[in-house]
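> Everything below, folded, please.
(chains A, B, C and D)
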There are 2 protein chains.
Amino acid sequence: MRSYDQFCGVARALDLVGDRWTLLIVRELLITDGARYTDLQNGLPGIATNLLAERLRQLEENGIVTREAAPPPIATTLFRLTARGRELRPVIKALGMWGRPLLDDIPKGTAFRSHWLALPLESLLTDHAPERPPVTIAVHTGDQPITVSVDGEVRVRTGVPPGPDATITGTPDLVVGLFTGEVDLKTAASRGLKFHGDINALRRVQPAAS
Amino acid sequence: MRSYDQFCGVARALDLVGDRWTLLIVRELLITDGARYTDLQNGLPGIATNLLAERLRQLEENGIVTREAAPPPIATTLFRLTARGRELRPVIKALGMWGRPLLDDIPKGTAFRSHWLALPLESLLTDHAPERPPVTIAVHTGDQPITVSVDGEVRVRTGVPPGPDATITGTPDLVVGLFTGEVDLKTAASRGLKFHGDINALRRVQPAAS
DNA sequence: CGGCATCCTCTTTGATACTG
DNA sequence: CAGTATCAAAGAGGATGCCG
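From the prediction side, this is the model:
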């Protein structure tokens, strides 16, 4: 990208990460640090392969991403964020918070990957009862199940936990609305969301009112 | 801009503000809310006029900017951020903080406008002695003088105050380094920066160590 | 398969000139 | 002052090919 040539931190930041797709690549790497090229392609539906390759090259040049040849067992390259790259988390978080209301009406044909829920859920949710034993919530939505685990902090990972305290199944907008408390369980259920298990697991992490 | 079509707050935010120049326009409006078209052109050196016009149209459509015909005395249009637009401040702030280290080596030919210092200084500085009487620091750098006023909070405005407690004159990189404390006064002076007045006015707002 | 490079088309940006 | 009009150059999107 052409530089803005301005003595301003915002402009200089955008010189490095202001290109189309660049911040979404950073998003992907914040979620799954150590991603393969094809993982990135899958997490970035719509990106042209030459663009992904070029952006990764630029990010590497600028010290935001490293590429490492994975050790012998795996015959692949892993892309990771550098420490400097991980410092972009507040930027991604701020953008995600600002964009949150925009998820309320979504045109159809919009792509979804369940791991995209990781960053917003970790930003929005907190454990209000850190002294209590850990709980896990299984979430079935999108391409693969994810697990919200609560033990003092809230972590989101892919996969299903062994014995989840609660299980949520439904469309991503209802899942987000339910977690944030913007949609109550009854309303969500009437729109097709299924909830099983301990409702207190959910209440424990919701932001403000229930 | 073409939408990313992803159910993700970051992607949806970038659908609205990810275009080239867009976030810099928001930066300008965060600094001088109520700007004329030509003010924006001046604050965005390098932007093509058709792009500025188009971006303003898009921002207006998306509820981020309003355009108001100023009342009779002035025969001009003023552009302002909406409430929703002002909510982008954390995004701009996060980008600016991340970009701060990039200001340490700046290619020559880089444009500078002194009002660009407003956001970073207000983000980085705090009043450590809010109980003491207000002080003002005049800063002469770039195209016009600015004033850092300290009275419980730190505010930056354009223009010179009547009787400043301190006056700083020098290149923008030295001014920033001095305020953040990354460069001490001796070093800054040896590189051409001039400081007059009460050194305590400066110490009162510097982030951590002196 | 994973990780690209090439080629072609289409869109966006940049620079400049001109206007109510 | 606040834009519109025009045109060349750069960038993005999409398909396909290549190589270990």
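
> need the residues of chain A near DNA strand C, please.
A:2, A:36-38, A:49-50, A:53-54, A:56, A:67, A:76-78 (CB under 7 Å from any atom of the strand). Using the backbone N, CA and C atoms, a C-beta is placed for each residue, glycine as well.

> Max pairwise distance over those residues: which two?
Distance extremes for the residues of chain A next to DNA strand C: the farthest pair is A:Arg2 and A:Thr76 at 33.3 Å, using CB to CB.

> Compare the residues of chain A next to DNA strand C and tell me which is most surrounded.
Top of the residues of chain A next to DNA strand C by neighbour number is A:Leu56, holding 20 neighbours under the definition other CB atoms under 10 Å in any protein chain shown.

> Now that residue: which helix or strand?
helix A:49-61 (DSSP states H and E).

> in whichever helix or strand comes after that helix, what counts as buried?
Of the helices and strands lying after helix A:49-61 in sequence (DSSP H and E), the nearest is strand A:65-69. Buried residues in strand A:65-69, counted by 16 or more other CB atoms under 10 Å in any protein chain shown: A:Val65.

> just to revisit the earlier point, between the helix holding A:Leu56 and strand A:65-69, how many degrees?
100 degrees (axes from the mean of the first three to the mean of the last three CA atoms, to 10 degrees).

> how about helix A:49-61, does it reach chain B?
No: if you take CB under 8 Å from any CB of the partner chain as the test, helix A:49-61 misses chain B, and the best it gets is 12.5 Å.

> count of neighbours near the nearest residue in space to A:Val183 that is not next to it in sequence?
Here the nearest residue to A:Val183 in space, its sequence neighbours aside, is A:Gly177; by CB to CB, 6 or more residues apart in numbering or on different chains that works out to 3.3 Å. Using other CB under 10 Å, A:Gly177 is surrounded by 20 other residues.

> what's the spacing between A:Gly177 and B:Ile199?
54 Å (CB to CB, to the nearest Å).

> contacting residues for A:Arg89?
Residues in contact with A:Arg89, defined by CB atoms under 8 Å, 6 or more residues apart in numbering or on different chains, are A:Leu30.

> Check which element follows the helix or strand of chain A with the lowest mean pLDDT along the chain.
Lowest mean confidence among the helices and strands of chain A (mean pLDDT, DSSP states H and E): strand A:65-69, at a mean of 91. Per DSSP H and E, the first helix or strand lying C-terminal to strand A:65-69 is strand A:77-81.

> Which residues does that next one contact?
Counting by CB under 8 Å, 6+ apart, A:26, A:29-30, A:33-37, A:40, A:56, A:64-70, A:88 sit against strand A:77-81.

> average pLDDT for that strand?
For strand A:77-81, the mean pLDDT works out to 94.

> before we move on, what about stretch A:190-202?
96.

> and it, how far from the chain's centre?
Distance of stretch A:190-202 from the chain centroid (CA atoms, centre = their mean, to the nearest Å) equals 22 Å.

> For it, which outside residues touch it?
Taking CB under 8 Å, 6+ apart as the rule, stretch A:190-202 contacts A:135-137, A:150, A:164-171, A:174-175, A:178-179, A:183, A:185, A:188-189.

> which of these are buried?
A:135-137, A:150, A:164-171, A:174-175, A:178-179, A:183, A:185, A:188.

> coming back round to it: contacts with DNA strand D among the residues of chain A next to DNA strand C, please.
Within the set of these, contact with DNA strand D (CB under 7 Å from any atom of the strand) is found for A:Arg2, A:Thr49, A:Asn50, A:Glu54.

> show me the contacts for the closest residue to DNA strand C within chain A.
Going by CB to the nearest atom of the strand, DNA strand C is nearest to A:Tyr37 of chain A, at 2.9 Å. When contacts are counted by CB under 8 Å, 6+ apart, A:Tyr37 is found next to A:Leu52, A:Ala53, A:Leu56, A:Thr76, A:Thr77, A:Phe79.
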